[in-house]
Structure formats: structure tokens, C-alpha cells
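Peer 1: Here is the input, now give the coordinates:
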Amino acid sequence: MFGRGVGFIMAGGDKRITDNYDVSKIRNFCIIAHIDHGKSTLADRMLEITGTIDKRQMREQFLDMMDLERERGITIKAQPVRMEWKSHVLNLIDTPGHVDFSYEVSRALKACEGAVLLVDATQGVQAQTVANLFLALEEDLEIIPVINKIDLPNARPDEVEDEIKQLIGDVEVLRVSAKTGEGVERLLDEIIAKIPAPAKFKDDKLRILIFDSKFDSYRGVVSYIRVFSGEVKEGDVIKICSTGSEYEVQEVGVFTPNFKKTASLRRGEVGYIMANIKNVSEVRVGDTITLAVDPVNEPLEGFRILPPVVFAGIYPIYSDDYEKLREALAKLKLNDASLVYEPETSVALGFGFRCGFLGLLHMDIVKERLEREFDLELIVTVPSVKYRVVVAGREIEVKNPAEFPENVKIDAVYEPYIRAQIFVPSEFVGAVMELCQQKRGNMITMDYITPERVQLIYELPLAEILVDFYDKLKAKTRGYASFEYEPVGYKESDLVKVNILVNGDEVDALSFIVHRDTAYYRARAMVTKLKEVIPRQLFEVAIQAAIGKKVIARATVKALRKDVLAKCYGGDVTRKKKLLEKQKEGKKRMKEIGKVSIPQEAFLSVLKIED
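Peer 2: Here you go, the predicted model:
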């Protein structure tokens, strides 16, 4: 399966990358772009033009290996590839583009010396483009600006070039069509000419950056790495700096884009290490690998462990699937160290798990993978954030509305805030400002990038953007707005917990934490929605929303009326009265002992509440 030695045959069958190691001819770069600006398509053309992938094996979005990535048109897991062009080695480190994975993006950028800034000729500069550009500038990367999709009839390359120059100054902007291949050869030449070769460290001790990892069920964790100094080869004993764990290297190699074994990896090279590591949480993105016998004094800077920011309960629809869900989460965590979960019990939903995610997209992807890859039917509760509640001078963390303290004096409640960057056409500015104000936003700045495009900076509570903010933003701007955010810490807010009671019984899975000013409106909308989805019974069902003991909203599901007089054809009226009294007694008794079955859509209805 793996060839011996460093030389190996390329996918085309007639080309060969050989072990002519020359660090001055190595170029490590990435492509940064907003979603759907053509990053994966440009990578496809580069693979094709450099002969890395044979045309017979070529398919669209070649580096997006997961079906989910290909369907959604996004990159979830970074996929590197080594190409050869005009006697130079080009290592493309493909990066995820979404804000939920911005830390992974920053580590992938650290593994590079340059970045191709890709902008759609029809859409122009978007929020994610700017956010990732700033990450690249922080790493002091050489930026090559490129306008893509110039072949489209509605392309406006001149206007987009002006937008790019306002961002990064008066530089040459290349124009390409990733779909047809126009201009891509020149871009490859520019990468060689403008992006510098890997720099030399003051010593030759082994320094390796982990920028991604994946779990292989046969070989353990595969670490995706960039070597900054030194050399690593099979048989070396390596040490992971953050944990101090030591492992013997089983195999090293490069990406073609499939794994290809090599004799060693040296300064400037990008590749992988297999060392029989059984737990992916041992190999964290941004961590440093060094040699156990001669370790470095200080690891590479920038490593941090990301805490989850969004929490939701995941429950199997069928209680028999609980163990299957436990095994599925354990297997998924092997490939996704960012996923956090712990067992949780709900009176309404039974046994399940409280899961922590990096963001809403991360949550959505985990749910989709659980359902697709493990054939599970799931209920996901309303996503929430981590609050900090001060009670009697002691601070507690609340990840779940059920943990929110009640019937005690609360000194203060703090909630996480984000700094949102929104790019929008000027005609929709009013609608976007109104939306942000509804979501308790505080405007920081408003800048006109061009007469037609505006950049808005807002501070918003993270909880307010979790459910429907992005959908409403797109709806109000006809899809033209783009949105990017970063956490900015916690701020004090006047928050309360709203309990939902059905027939007098509290349904913990439907409770939510909300600002006091909007509690009544949210509660009224919630009970109205539940009235639509809870089926009618033979008795009246009261749906109430309460803060503590005080009911602030109520709706009633009317009883189904059985016509007990249908069998009476005339006769004495006392017989009819007797039947109606008997029915009344039966309904009273049923109301006391009857249970209301809450359908699955009730738990999702809170996600669809209109303002």
C-alpha cells in the first residue's frame, strides 16, 4: 500500500517527486476566502495543472473528502496536498472557512509563509474574507490577492479590485477563473516568485507544529504537521509538549493527496506522523512535537485549548438507542477533539447527552454525522450558551437552563458577548440595524467601504444569534449580507429563566434563559406555538410559561368533545342531563390523572419562534 523510500510515483503514472531536498524551493501556502468564493475549485485546478491528480481520477472539490463537505460546499476538515511545479515543491494547506473553525484556520496559517486571498468577482469582499485576512496578517504572511470567477457574465472585477486595494493597499491583483483554469498557471508562478522559502531557526532542534489530526481505526491518530526545524524519521521517540507524552514514530510521509510514506521529514516540509497514538485528545491542534532525547526549551507559540461555547442536549427518539448514541459520540470524538459531551437526564426526553460545540455550524455537522454515519434518529434541544451566575458571592457556571438557580437571591448574571462584523449593501443598512437592535446589539462603528457597501461592527449577546439571526440577516438583505464574529468576553445582563408547564407539569427540555425585557414576548410566542403542535386530548390542557411562581403567559388546548347524546333519539331530557353529568365527571377525573404526550416537533418549535 505504501511505497518504500522517498521517491514515489504520482497519480498520473509518469511523473515522480524525488528526494532532491532543497528548502529554498519549498513554498507553503494556503487559500483564504469566504464561503462559496471558489476555494475548493481553485485547488482542483492546481492539482490538475501540476499533474498531481490524473484527469481520469479528478472530481469536483477533490480535497473535500466528506460527503457533507461536498453537499454543503464548505470545508470542515483541513486537507493538505503536496504539488510540484517548475522544480519547486508547493504545499497547499487547505483550511476550513467557517467562523466556528477560526482557531484551526489560524494554526493552518501558522504552518504557511504565504496566502492566496481569493475574492469572488460577483460578490466582492465579504466578512469572512476580511476576518481570515487579518489572521494571515497577524502571522506576517505574504498575501497574493486574486479575483476569481472572471468568466461569469455578472462579474465586476474592476470594482472588486478597488475593494481589495482599499483593504491591503495598492498591490497587483491577479484575475483567474478556477472553473476554466484561466490565469491559474500564472498564479502558480507568482506563488513561487512572491512567497518566501521557510526560514531557519537559531538551532536545529526538532520543532513540529500540529495543524490538524484524524483518527484511523487501524493505525491510531494521524497528525498533520509542519516541520519548523530539525528532522523526524521512523523510529524516533517524540514528545508532545502540552502533555509530556512520548511515542515512537511508526511512519512519516507526505500528502499526494493520499498518504505517501517517506524516509523522513525535514525543515519546511509538510506531512504526517503516525506514532500509534490511540486518543485524538492527546494530539491537539496548535501543539508542538519535539524529540524526547533533545527537547526544545519553549514550544511554538499560539497553542490554546478551545472551550465549547454552544451547548445543546442530544437525545435518541427511541430510548433503546441510548447505548448506540453513546458509542457513536465516542467514535465521533476520536475524529473531533473539540466535541465535549456528558450524560444528561430529562423528565420529558429520558436519557441523553449534554454536548458542547464550537458554534452552531459545528453543532449542525455533529448532528448530521450522528444521523448519517450511525443511523440514529435524534432530538436536539434548544442550543444555549454558558452563563456565569453569582449567588451569595459565589460564581457558578450554567450550561443548561435546568441548572439555573431558582428561589434564591441572585447577585448578578453574566452572559458571553461577541463582536460581529457585517458587510451589507447600503440599501439594506436600515433593516440590518433594526435586526441588531432587536437582538440587544450595540453598534461600535459603521464604515462605507465603497458607496454601495457598508461594514457594520456590533457587539451582540451570543445567545441572541444562536437560533435564527443568520437566517433573518439573509432574509432581510436578500442573501447579500455576510457575517463574521469573534468572542469578546462576558458582560452583566438582567436574565431570567422561563419555565414551561404543560398540564401543571414542568417540561425541563422546553425551559429557556432570556433577558427580562423580552421574557413576556418570548413566553407568549412559545405557548402559542406549543398550542399548535400539542394534540388535543379529551380534557383541556393548560400550557403556561412562568418565571419562578409567577405565570406570565398561558394558552389552552381545547378538549375534544365526544357527542354522548348521539344515541339519544328524543325521550326524557333527564336522561340527556344524566349522560352529560357522567361525561363531566369522567373529564374531571381524566384531567387529574391524565398525561399529555408531547410530540417531537414541540421541542423544535422554539427554534422557529418569530419575534
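
Peer 1: What residues does S511 make contact with?
Peer 2: Contacts for S511 (CB atoms under 8 Å, 6 or more residues apart in numbering) come out as P401, A402, K497, V498, N499, I500. For the C-beta atoms, the positions are set from N, CA and C on the backbone; glycine is no exception.

Peer 1: Ok, E138 next?
Peer 2: The contact partners of E138, taken as CB under 8 Å, 6+ apart, are S106.

Peer 1: Do you know the pLDDT at it?
Peer 2: Note for E138: predicted pLDDT of 82.

Peer 1: after the helix or strand hosting A328 comes which helix or strand?
Peer 2: For A328, the element it lies in under DSSP states H and E is helix 322-335. Later in the chain than helix 322-335, the nearest helix or strand by DSSP H and E is strand 340-346.

Peer 1: For that next one, list every residue counted as buried.
Peer 2: For strand 340-346, a neighbour-count test (16 or more other CB atoms under 10 Å) marks V340, Y341, E344, S346 as buried.

Peer 1: Pretty sure the first one sits against G356.
Peer 2: Yep, that's V340 we're talking about. Yes. With contact defined as CB atoms under 8 Å, V340 reaches G356; the gap is 3.7 Å.

Peer 1: Give the intersection of the neighbour lists for the two.
Peer 2: P308.

Peer 1: And the longest strand along the chain, how far out from the chain middle?
Peer 2: Taking DSSP state E as the criterion, the chain has its longest strand at strand 410-425. Its chain's average C-alpha position is 18 Å from that of strand 410-425, according to CA atoms, centre = their mean, to the nearest Å.

Peer 1: For it, name the packing helices and strands.
Peer 2: For strand 410-425, the packing partners by 3 or more CB pairs under 8 Å, 6 or more residues apart in numbering; DSSP states H and E come out as helix 127-138, strand 387-391, helix 429-438, strand 453-461, helix 462-465, strand 482-492.

Peer 1: low-confidence ranges in the stretch 51-200 of the chain?
Peer 2: Within the stretch 51-200 of the chain, the stretches with pLDDT under 70 are 54-78, 96-102.

Peer 1: which ones are touching the nearest residue to I317 once chain neighbours are set aside?
Peer 2: Using CB to CB, 6 or more residues apart in numbering and skipping residues adjacent in sequence, the residue nearest I317 is E377, 4.3 Å away. With contacts defined as CB under 8 Å, 6+ apart, E377 is in contact with P316, I317, Y318, D321, E371.

Peer 1: From I277, how far out is E377?
Peer 2: 33 Å (CB to CB, to the nearest Å).

Peer 1: What strands flank the one helix or strand F228 maps to, and is each parallel or antiparallel?
Peer 2: If you go by DSSP H and E, F228 is part of strand 220-229. Using DSSP bridges, strand 220-229 pairs in its sheet with strand 207-216 (antiparallel), strand 270-274 (antiparallel).

Peer 1: What segments of the stretch 451-600 of the chain are helices?
Peer 2: Under the criterion DSSP state H, counting those that start in this stretch, helices of the stretch 451-600 of the chain are mapped to 462-465, 469-476, 516-533, 573-593, 600-605.

Peer 1: Would you single out the least confident of the ones you listed?
Peer 2: Among the helices of the stretch 451-600 of the chain, helix 600-605 carries the lowest mean pLDDT (a mean of 59).

Peer 1: wait, N499 sits on F512?
Peer 2: No. If you go by CB under 8 Å, N499 and F512 don't touch, sitting 9.1 Å apart.

Peer 1: Provide the contact partners of the helix holding A328 at residue level.
Peer 2: Helix 322-335 has contacts (CB under 8 Å, 6+ apart) with 214-215, 279-281, 314, 316, 339, 341, 350-353, 355, 366, 369-370, 373-374, 376, 378.

Peer 1: just stretch 354-362 next, same as before
Peer 2: Residues outside stretch 354-362 that contact it (CB under 8 Å, 6+ apart): 98-101, 306-314, 329, 338-344, 363, 366, 383, 399-400, 466, 470.

Peer 1: quick revisit: can you tell me which of the helices and strands packed on strand 410-425 is most buried?
Peer 2: helix 462-465 (a mean of 22; mean count of other CB atoms under 10 Å).

Peer 1: and that helix, C-alpha only, in CSV?
Peer 2: Included here for helix 462-465 are C-alpha records, laid out as CSV according to Å, rounded to 0.1, in the frame of the first residue of the first chain:
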residue,chain,number,x,y,z
LEU,A,462,-24.0,35.3,21.8
ALA,A,463,-27.3,33.8,22.9
GLU,A,464,-29.2,36.1,20.6
ILE,A,465,-27.5,35.0,17.4
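
Peer 1: Leaving aside the residues adjacent along the chain, what's closest to R554?
Peer 2: Nearest non-adjacent residue to R554, counting by CB to CB, 6+ apart: Q544, 4.9 Å away.

Peer 1: Count the residues that sit near the one you found.
Peer 2: Neighbour count for Q544, taken as other CB atoms under 10 Å: 19.

Peer 1: now swap in K577 and tell me
Peer 2: Residues within reach of K577, counting by other CB under 10 Å, total 10.

Peer 1: try S177
Peer 2: As a burial measure, S177 scores 21 neighbours (other CB under 10 Å).

Peer 1: before we move on, what SS does it have?
Peer 2: With DSSP: H, G, I helix; E, B strand; the rest coil as the basis, S177 sits in coil.

Peer 1: for I314, same thing?
Peer 2: strand.

Peer 1: What separation do you get for it and L325?
Peer 2: Using CB to CB, I314 is found at 7 Å from L325.

Peer 1: who does E492 bridge with?
Peer 2: Assigned bridge partners for E492, using DSSP bridges, are Y414.

Peer 1: Now do the contacts for it.
Peer 2: E492 sits next to A412, V413, Y414 when contact means CB under 8 Å, 6+ apart.

Peer 1: Filter the residues you listed down to just the buried residues.
Peer 2: Neighbour-count burial (16+ other CB under 10 Å) is assigned, among these, to V413, Y414.

Peer 1: how about the contacts of E492 in CSV, adding pLDDT?
Peer 2: CSV is the format used below for these (pLDDT from 0 to 100):
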residue, pLDDT
A412, 91
V413, 92
Y414, 93
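
Peer 1: Of the contacts of E492, which is the nearest to T574?
Peer 2: Closest approach to T574 among the contacts of E492 (CB to CB): V413, at 61.6 Å.

Peer 1: Who are the contact partners of the closest one?
Peer 2: Listed by CB under 8 Å, 6+ apart, the contact partners of V413 are Y387, R388, V389, V390, E492, S493, D494, L495.

Peer 1: now F428
Peer 2: For F428, the contacting residues are K476, T477, R478, Y480, A481, by CB under 8 Å, 6+ apart.

Peer 1: Can you tell me which of those are buried?
Peer 2: Burial by neighbour count, judged by 16+ other CB under 10 Å, picks out K476, T477, Y480, A481 from the contacts of F428.

Peer 1: Please identify which two of those are farthest apart in space.
Peer 2: Pairwise distances among these were taken by CB to CB; the largest, 9.8 Å, belongs to K476 and Y480.
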